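Colleague: pasting a predicted model and its sequence here:
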Amino acid sequence: SLSSSSHTAYAQGSSGLFPSFSPTRQVTRAEAAQMLYRLLPEQGRPASAGAYADVPEGAWYAKAVTTLADLGVLEAQDGMLDTGRPVTRGEFTRYIACFFPLRTDGQLFPDVDENDPNAPFIRSAQAYGWAQGGSDGLFHPDDTISRAAAVVLLNRALGRTADRAYIDQNHPAFYVDVAPSSWYYYDVCEAAIPHRHTDSGSGEQWTSHTARTAVPKDGLQMADGWLYCYDAARGDVVREATVGTHYFNSSGRFTTGNNELDSWLRKIVLARTVETQTQEQKLRALYLYTRDSFTYLRRPPYEMGVYDYMETDALRILETGYGNCYCYAALFWYLSRWIGYDATIYNGTVGVRRSPHSWVEISLNGKAYIFDTELEMAYRRKKRFDVNLYKFYDAGNSWNYRRPQQGGAQM
């Protein structure tokens with residue numbers, strides 16, 4: 001039988017400050033076996049396990065799949081266990097039901113055929129009350145099961161009910177891809193966090209839990225090429241909300257609102273920066289990338305103060321390799337925001353001739369610094385390597401940057 005008294009963790013996510021649980025990913029036979037193996041008491045595990053052609057010795061799942069196969073839960077075919085194959089809802093139900101006395105007093109769901117080899121186990125699970133249909137009344141036995149659905153089903157079978165009040169107060173789990181508002185959040189906490197509990201008439205009450213070893217700092221930070229904003233008070237990243245001028249989506253990631261552009265920006269940041277760099281070192285690397293990676297192409301200027309070109313022009317320079325000052329500024333504006341700066345882009349003029357121009361400014365320690373990738377590129381092309389318009393503080397307005405009266409764009 002499976003252990004239900006000791007609430008150990010039987011499902012795990014990735015490690016690191018911003019771990020993921022992959023709740024929508026399909027469960028493989030190896031993963032299903034690993035979940036169940038973690039719930040087996042020591043005395044329920046065979047002393048030795050058989051050998052199978054497709055299970056390498058030393059594989060992370062080897063002990064689990066061979067043990068479950070020897071117990072008759074996983075079936076072998078031609079000496080192989082097919083460990084990488086996704087598991088269906090019917091199969092996963094059978095795996096769990098193998099550890100319970102088989103009941104025949106349940107009702108089959110309309111879409112479960114009597115001749116389905118999993119039917120007796122689905123019927124038994126329905127009788128116990130932990131195999132339930134969807135809103136359509138069907139069980140969908142041939143659909144692959146996700147990690148989220150798997151832990152919900154297994155928690156029901158074990159009678160493990162997460163203590164929502166305790167979890168809301170203590171935030172024991174954090175996964176970037178498991179929002180507290182998701183339907184499976186509490187079940188993931190129950191499955192992934194080792195905890196002590198007492199039983200009450202209304203369900204279990206947690207008394208303690210194994211604390212997280214790694215907790216993100218409060219505020220903005222990068223992870224795997226994405227910008228997040230961790231809210232320590234909530235124990236989660238900010239989702240579907242704006243912090244400063246940054247909007248974070250339901251996954252907790254800063255987004256430009258354009259998936260194609262987001263993909264470009266993340267790839268650039270991953271390719272041109274490393275995690276050990278400071279934020280300003282990353283900014284410098286992205287400035288040099290923007291300055292040196294493209295070719296100037298003259299295009300008609302925009303009317304001064306217009307700010308609807310950034311998305312189009314950033315994509316234009318990325319896709320073609322060519323652009324004018326508006327393209328250079330738009331791309332660097334997005335890149336600097338991608339790593340957490342509240343950058344402002346301007347569409348004004350520069351120089352004594354008041355030439356139409358676009359550039360980026362970032363306020364640091366109360367000072368507004370100019371970042372002009374295109375103009376510095378132009379001077380370098382003329383062999384003027386003494387011109388430095390990175391983090392340029394123009395106290396005397398020697399370059400005659402003129403900003404439109406209504407300001408620049410930050411959003």
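Modeller: In hand now; what should we look at? All figures in this text were calculated on a predicted structure; none of them were measured in a lab.

Colleague: would you state the strands of the chain in chain order?
Modeller: Listed in chain order, the strands found in the chain under DSSP state E are 195-200, 203-209, 219-223, 226-231, 236-237, 241-243, 246-248, 295-296, 322-323, 344-350, 355-364, 367-371.

Colleague: in a markdown table, list those strands along with mean pLDDT and mean neighbour count.
Modeller: All C-beta atoms are positioned from the backbone trio N, CA, C, and that covers glycine. Shown next, in a markdown table, are these (pLDDT from 0 to 100; neighbours: other Cβ atoms under 10 Å):
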| stretch | mean pLDDT | mean neighbour count |
| --- | --- | --- |
| strand 195-200 | 91 | 14 |
| strand 203-209 | 93 | 16 |
| strand 219-223 | 95 | 18 |
| strand 226-231 | 97 | 22 |
| strand 236-237 | 96 | 22 |
| strand 241-243 | 97 | 13 |
| strand 246-248 | 98 | 19 |
| strand 295-296 | 97 | 13 |
| strand 322-323 | 98 | 19 |
| strand 344-350 | 96 | 22 |
| strand 355-364 | 96 | 20 |
| strand 367-371 | 96 | 17 |
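
Colleague: of all these, which one is nearest residue 170?
Modeller: strand 203-209 (6.9 Å; Cβ to Cβ).

Colleague: which helices and strands does that closest one pack with?
Modeller: helix 164-170, strand 195-200 (3 or more Cβ pairs under 8 Å, 6 or more residues apart in numbering; DSSP states H and E).

Colleague: and it, which strands flank it?
Modeller: Sheet pairing of strand 203-209 (DSSP bridges) gives strand 195-200 (antiparallel).

Colleague: what residues does the strand it pairs with touch?
Modeller: Contacts with strand 195-200, where a contact means Cβ atoms under 8 Å, 6 or more residues apart in numbering, come from 7, 163, 172, 204, 205, 206, 207, 208, 209, 210.

Colleague: before we move on, what about stretch 218-227?
Modeller: Outside stretch 218-227, the residues touching it (Cβ under 8 Å, 6+ apart) are 16-18, 176, 228-232, 243, 246, 253-254, 266-267, 269-270, 275, 282, 338-340.

Colleague: repeat that for 7 Å
Modeller: 17-18, 228-230, 232, 253-254, 266, 269-270, 338-340 (Cβ atoms under 7 Å, 6 or more residues apart in numbering).

Colleague: which ones among the residues you listed are found in helices?
Modeller: Mapping these onto helices (DSSP state H) picks out 266, 269, 270, 338.

Colleague: confidence score at residue 396?
Modeller: Predicted confidence (pLDDT) for residue 396: 80.

Colleague: over to residue 10?
Modeller: As predicted, residue 10 sits at a pLDDT of 96.

Colleague: how deep is it tucked in, by neighbour count?
Modeller: Residues lying near residue 10 (other Cβ atoms under 10 Å) number 23.

Colleague: residue 308 now?
Modeller: 10.

Colleague: show me what contacts residue 37?
Modeller: Per Cβ under 7 Å, 6+ apart, neighbours of residue 37: 63, 64, 67, 68.

Colleague: using PyMOL, make a named selection holding only the buried ones among the ones in helices among the contacts of stretch 218-227.
Modeller: In PyMOL, a selection of the buried entries from the ones in helices among the contacts of stretch 218-227 looks like this (16 or more other Cβ atoms under 10 Å):
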select buried, resi 266+269+338
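
Colleague: any chance of the ones in helices among the contacts of stretch 218-227 in JSON lines, plus pLDDT and distance to residue 378?
Modeller: Supplementary listing: the ones in helices among the contacts of stretch 218-227 in JSON lines, determined by pLDDT from 0 to 100; distance: Cβ to Cβ, whole Å:
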{"residue": "266", "pLDDT": "98", "distance to residue 378": "28"}
{"residue": "269", "pLDDT": "98", "distance to residue 378": "25"}
{"residue": "270", "pLDDT": "98", "distance to residue 378": "28"}
{"residue": "338", "pLDDT": "98", "distance to residue 378": "25"}
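
Colleague: farthest-separated two in the ones in helices among the contacts of stretch 218-227?
Modeller: Farthest pair in those (Cβ to Cβ) is 270 and 338. Separation: 10.8 Å.

Colleague: related to what we said a few turns ago, nearest to residue 168, of the contacts of stretch 218-227?
Modeller: Using Cβ to Cβ, the contacts of stretch 218-227 come closest to residue 168 at residue 232, 14.9 Å.

Colleague: now that closest one: how far from residue 174?
Modeller: According to Cβ to Cβ, to the nearest Å, residue 232 stands 10 Å off from residue 174.

Colleague: surely residue 180 and residue 235 touch.
Modeller: No. Using Cβ atoms under 7 Å, residue 180 is not in contact with residue 235, being 8.2 Å away.

Colleague: wait, residue 279 sits on residue 338?
Modeller: No. Under the criterion of Cβ under 7 Å, residue 279 is not in contact with residue 338, lying 11.2 Å apart.

Colleague: endpoints of stretch 167-187, how far apart?
Modeller: Stretch 167-187 has an end-to-end distance of 11 Å (Cα to Cα, to the nearest Å).

Colleague: buried sites along that stretch?
Modeller: Of the residues in stretch 167-187, those buried (16+ other Cβ under 10 Å) are 167, 170-180, 184-187.
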